[in-house]
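Undergrad: Fold the following for me, if possible:
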Amino acid sequence: MIIKELNGIKPQFGEKCFFADNVVVVGDVSMGSQCSVWYNAVIRGDVHYIKMGNKVNVQDGAVIHATYKTSPTNIGNNVSIGHNAIVHGCTIHDNVLIGMGAIIMDDCIVESNSIIAAGAVVTKNTIVESGSVYAGTPAKKLKDISKDLISGEIERIANNYIKYANWYR
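TA: Below you'll find the model as predicted:
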């Protein structure tokens, strides 16, 4: 695991966070409690800050970055970032599921209680409406989210990753 200070700024972590053996977290990164960062994930706060809330899981191979001096990355609470997803210089609100291989580009806003489908590409400056599913390339609104999807997918996955992290402790 590489947790690296850069330009005098050390990554900061809340309580009960889990980091797999080969993750990389560099520079101006702060995350809340009960977060998990999984194998081969990279969180690189070298060109702008990255702030993450509580109960965020960054799954295997995901990359979180920002754009130099213009687009930081802000991630709320209860967010799951799927395997090999890229989250770059954007804002992700609370209770969001970002599917495997999805890409969220600079200056996007993903509002709360939303799902970004696997493989979706959310292009620069897109605003993902609260309570919706976005899919495709470029990503467009597919449908509204039912309460079953919020509890059955968004909440379930975030809670499962807390359980999985406990297995590794």
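
Undergrad: Which residues does the lowest-mean-pLDDT helix or strand in the chain contact?
TA: Across the helices and strands of the chain, mean pLDDT, DSSP states H and E gives its lowest value to helix 147-149, namely a mean of 80. Outside of helix 147-149, the residues within contact range by C-beta atoms under 8 Å, 6 or more residues apart in numbering are 115, 133. For the C-beta atoms, the positions are set from N, CA and C on the backbone; glycine is no exception.

Undergrad: buried sites along the helix or strand following it?
TA: Using DSSP states H and E, the helix or strand that follows helix 147-149 towards the C-terminus is helix 156-168. By neighbour count on 16 or more other C-beta atoms under 10 Å, the buried set for helix 156-168 is 157, 158, 161, 162, 165.

Undergrad: Sort out which one of those residues lies nearest residue 112 for me.
TA: Using C-beta to C-beta, residue 158 is the member of these that lies nearest residue 112, at 12.9 Å.

Undergrad: I figured the closest one hits residue 57, correct?
TA: Yes. Residue 158 is in contact with residue 57 according to C-beta atoms under 8 Å; the separation is 6.6 Å.
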